[in-house]
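Engineer: Model the structure of this input:
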Amino acid sequence: MSRRGTVTLAELLAVVGALAIAATILGVAVSRQRAAREEARRIQCRRNLTHLATGMVTYTGEYGDNRFYPWLAGRPGCGTAANPQFGGAEWLASLHWGRYPIVPDPLVYVCPSSADDNEKGVLLGSIGCPGGKPLPPQAVSYAGMHDRSVGIYVASKRGRGASYATSKLAIRDDFPPDVPMACDDTEEPINHGSRDNGGMNVLFFDSHVEWWTHERVDLERGVGTGELVHLRN
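Structural biologist: Next up is the predicted model:
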């Protein structure tokens, strides 16, 4: 029989067990909450990409005569004439540039799961790249078509490698719908998860978005390889 005011070993073990169970329940709740938040961010990311696709359709139909040129030589900024540095991020950002932007909301260009922050559009700029300099890496957290995209796509289908890529080709409104048009930024840090358990949203020319896991694409080297060979940050 124990003395009054003392705790037996059995009582101590019961308390420890109860605390362990409470910690486990709390851990599960926190994990589910984090998963729910990431799922919400992933859904918003899909909406962003779909919004950009709608912007492309609007541009090609109203301004581009059913063409979209990923090499926009008339845009101010983006490096020099000899080295324009006009990549997929700039291709997407061009929907924001201009007196009447097609997709005016700067938040659309940043994945909510990404560490990128365009400072409410300051880094994105309004008419071309800010200050005539290359677009800052944190201004757009999506990869897309770029100046050599169509040529690289055609070369990849022919199986001859990227050496046959040509630049300054227009993307037609009848471009194959099953071709990826844009995706999450695969430059570190990865937008959704990690290399071994994450994934990425991939937008196609028919405006649908697919979720690709790390088993289908290397999240750290996805852009420029495999099925995403013609995309670029």
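Engineer: tell me, how many neighbours does residue 20 end up with?
Structural biologist: Other residues near residue 20 come to 10 when the count uses other CB atoms under 10 Å. No exception for glycine: its C-beta is placed from N, CA and C like everyone else's.
Engineer: Provide a list of residues in contact with the residue most central in space within the chain.
Structural biologist: Among the residues of the chain, the one closest to the centroid is residue 184, at 2.1 Å (CA atoms, centre = their mean). Contact analysis of residue 184 by CB atoms under 8 Å, 6 or more residues apart in numbering lists 45, 111, 114, 141-143, 190-192, 200-202.
Engineer: Specify the beta-bridge partners of it.
Structural biologist: Per DSSP bridges, the residues bridged to residue 184 are residue 142.
Engineer: okay, it: pLDDT?
Structural biologist: Here the pLDDT value assigned to residue 184 is 92.
Engineer: Which one of the contacts of residue 184 is nearest to residue 19?
Structural biologist: residue 192 (34.0 Å; CB to CB).
Engineer: hey, where'd the strands end up in the protein?
Structural biologist: For the chain, strands defined by DSSP state E occupy the ranges 67-68, 142-144, 171-172, 180-184, 199-204, 209-213.
Engineer: Select, out of those strands, the one closest to residue 54.
Structural biologist: When the strands of the chain are compared by CB to CB, strand 199-204 sits nearest residue 54, at 10.8 Å.
Engineer: Just want the angle from the closest one to strand 209-213.
Structural biologist: Inter-element angle recorded for strand 199-204 and strand 209-213: 150 degrees (by axes from the mean of the first three to the mean of the last three CA atoms, to 10 degrees).
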